[in-house]
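A.B. asks: Below are the sequence and a predicted model for it; my questions follow.
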Amino acid sequence: MQEDDPQPHPFPEQALPPWRRAVIKVGSSLLTDGRGELGRHNAAALAGLIARFRDQGREVLLVSSGAVAAGRGLMAQRRGGMIQRQALASLGQTPMLALWQDLIDEPVAQVLLSHDDLRNRRRYLNAQATLQELLHHGALPIVNENDTVAVDELKLGDNDNLAAAVATLVDADVLLIATDIHGLYSGHPGRDPSARPLPLVKCITPEVMAMASGGAGRLGTGGMATKLEAASKAAAAGIDTALFCGHDPRALGALADDRLLGTRIPAHGPRLLARKLWLRHQPASRNRVRIDDGACQALASRGASLLPGGVTGVEGDFSSRAVVDLVSEQGRRIGRGLVQYHASDLQRIAGCHSEEIEDVLGFHNGDTVIRRDDLVLFDQAAATH
């Protein structure tokens, strides 16, 4: 897999932390030949890397793009709207899976996920159990967004962020994102002669995101920015991320030996509890509960539950135990949680003391709107300002 090259690699070699389970994300630019047709060369090299990992007794899940791009190669008409993109995704799933199955000795298993699968707790746990069972039987799960029917995902979704969600879903140790460049640079390496490689990014700041400005390739739906978004989500879940070039033999050879030629984004602190992981990585909800500054302060600094007295407004029509986003009076999304009361009931008790709930509603689901165990904050510092 490794080839001699007289030119020094732009990224220094660094050690990867020990890992047992990885999610590998491969984008469309690595799986096509530039004309919309699936290509074997890069896929074969990545399949060889996966085989090395599995020979080492490790577990791998693959988040693979390429279905829409492959579908384009099967249709004479290349332009169209959302409906055609859904048709392209449906057409392209079979050849994309066939490509991987032809390159992998063990059986591959298609798993299609949508935002609803990640939002609904029961479906989330079912998806988790299915993936765990597939790994137990030695299959290679190949995960993709359910583009064929999920309109919102095609508008807003990308497989980088899906890979981060899958990594948290299966409690992976590392997220490996294969790119078409060597890693993250301080600027666009093709446009900025002073751009320097960044082998280690300890925190995804606005300044780091600015370095990733620029779109995806012609066949892709993401770019470096979405990869950094995914890395930030993985880091918050206690999962390291590595960005590497998926068509660089030296980078692939190094990974097989637990070395990285690319960019590493380390985990930020310990892993969250499973329920809080699930809540943190839910897609943004249209159901919102607006809370006052005092409630923001109590949640962030005292680890409190949300009481009805801190609620100032309710948006959406949701049931008890639904996922809602918490929004400050200034409009910042500060957290997410499982609400104890229906939207219409919550509107009636907003601003009330907990002991008034039963008098107002005629029943009592508890003193809190959201219990602390059912709540996760996105940024505690932001919640207090």
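C.D. replies: Received it, and whenever you're ready, just let me know what you need. Numbers count the residues shown, from 1 in each chain.
A.B. asks: From residue 185, how far out is residue 113?
C.D. replies: 31 Å (Cβ to Cβ, to the nearest Å). Where you see a C-beta, it was placed from the backbone N, CA and C, and this is true even at glycine.
A.B. asks: If you could redo that for residue 373, that was the one I meant.
C.D. replies: Distance of residue 373 to residue 185, computed by Cβ to Cβ: 42 Å.
A.B. asks: For those two, indicate the residue with more neighbours.
C.D. replies: residue 185 (21 against 12; other Cβ atoms under 10 Å).
A.B. asks: Leaving out sequence neighbours, find the closest residue to that one.
C.D. replies: residue 195 (4.3 Å; Cβ to Cβ, 6 or more residues apart in numbering).
A.B. asks: residues contacting that neighbour?
C.D. replies: 185, 186, 187, 188, 189 (Cβ atoms under 8 Å, 6 or more residues apart in numbering).
A.B. asks: Point me to the helix or strand that includes it.
C.D. replies: Assigned by DSSP states H and E, residue 195 belongs to no helix or strand.
A.B. asks: what does residue 210 give?
C.D. replies: Assigned by DSSP H and E, residue 210 falls in helix 206-211.
A.B. asks: And the contacts of the helix or strand following that helix?
C.D. replies: Per DSSP H and E, the first helix or strand lying C-terminal to helix 206-211 is helix 224-236. Helix 224-236 is contacted from outside by 25, 158, 160-161, 163-165, 167-168, 175, 177, 179, 181, 184, 201, 204, 208-209, 212-214, 216, 240-241, 243, 265-268, 272, 280-281, using Cβ under 8 Å, 6+ apart.
A.B. asks: Could I get the buried residue list for the longest helix along the chain?
C.D. replies: Longest helix in the chain, counting residues (DSSP state H): helix 82-103. Residues of helix 82-103 classed as buried: 84-89, 91-93, 95-97, 99-101, 103 (neighbour count, 16 or more other Cβ atoms under 10 Å).
A.B. asks: same for it, what does it pack against?
C.D. replies: Other elements packing on helix 82-103 under the criterion 3 or more Cβ pairs under 8 Å, 6 or more residues apart in numbering; DSSP states H and E are helix 41-55, strand 59-64, helix 67-72, strand 108-113, strand 140-145, helix 151-156.
A.B. asks: Averaging pLDDT over each of those, report the lowest-scoring one.
C.D. replies: Within the helices and strands packed on helix 82-103, the stretch with the lowest mean pLDDT is helix 151-156, showing a mean of 44.
A.B. asks: moving C-terminal of that one, what's the next helix or strand?
C.D. replies: Per DSSP H and E, the first helix or strand lying C-terminal to helix 151-156 is helix 159-169.
A.B. asks: and after that next one, which helix or strand comes next?
C.D. replies: strand 174-179.
A.B. asks: mind giving me the domain split of the chain?
C.D. replies: Split into domains by automatic domain parsing, the chain comes to 14-276, 285-383.
A.B. asks: Could you export these as JSON lines, including distance to residue 7?
C.D. replies: Listed next are the domains of the chain as JSON lines, based on distance: least, Cβ to Cβ, whole Å:
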{"stretch": "domain 14-276", "distance to residue 7": "10"}
{"stretch": "domain 285-383", "distance to residue 7": "42"}
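A.B. asks: Out of the ones you listed, point me to the one whose mean pLDDT is lowest.
C.D. replies: Comparing mean pLDDT across the domains of the chain, the lowest value falls on domain 14-276: a mean of 85.
A.B. asks: Between its first and last residues, how far does that one reach?
C.D. replies: 31 Å (Cα to Cα, to the nearest Å).
A.B. asks: Run a quick neighbour tally on residue 178.
C.D. replies: Using other Cβ under 10 Å, residue 178 is surrounded by 28 other residues.
A.B. asks: Tell me who's in contact with the nearest residue to it once chain neighbours are set aside.
C.D. replies: The shortest distance from residue 178 to any non-neighbouring residue, by Cβ to Cβ, 6+ apart, is to residue 246 (3.2 Å). Residues counted as contacts of residue 246 (Cβ under 8 Å, 6+ apart) are 26, 27, 30, 42, 45, 46, 178, 179, 180, 252.
A.B. asks: can we see that at 7 Å?
C.D. replies: 26, 30, 42, 46, 178, 179, 180 (Cβ atoms under 7 Å, 6 or more residues apart in numbering).
A.B. asks: how far away is it from residue 311?
C.D. replies: From residue 246 to residue 311 the distance is 48 Å (Cβ to Cβ).
A.B. asks: Any chance of the backbone angles for the residue nearest to residue 178?
C.D. replies: Dihedral pair for residue 246: phi -80, psi -10, per degrees, to the nearest 10.
A.B. asks: same check, this time on the one 5 residues further on
C.D. replies: Backbone torsions for residue 251, taken as degrees, to the nearest 10, come to phi -70, psi -40.
A.B. asks: That one against residue 243, yeah?
C.D. replies: No. Assessed by Cβ atoms under 7 Å, residue 251 is found out of contact with residue 243, at 9.9 Å.
A.B. asks: Local confidence estimate at residue 384?
C.D. replies: Residue 384 is given a pLDDT of 44.
A.B. asks: circling back: hmm, who's touching the longest helix of the chain?
C.D. replies: Applying Cβ under 7 Å, 6+ apart, the set of residues contacting helix 82-103 is 38, 40, 43-44, 47, 64, 66-72, 74-75, 108, 110, 142, 147-148, 151, 154.
A.B. asks: Just the buried residues from the residues you listed, in ChimeraX please.
C.D. replies: Typed into ChimeraX, the next command selects the buried ones out of the contacts of helix 82-103 (criterion: 16+ other Cβ under 10 Å):
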select :38,43,47,64,66,67,68,69,70,71,72,108,142,147,148,154
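A.B. asks: List the contacts of the residue nearest to residue 247 when sequence neighbours are not counted.
C.D. replies: Nearest residue to residue 247, sequence neighbours excluded (Cβ to Cβ, 6+ apart): residue 42, at 4.8 Å. For residue 42, the contact set (Cβ under 7 Å, 6+ apart) comprises 30, 31, 246, 247.
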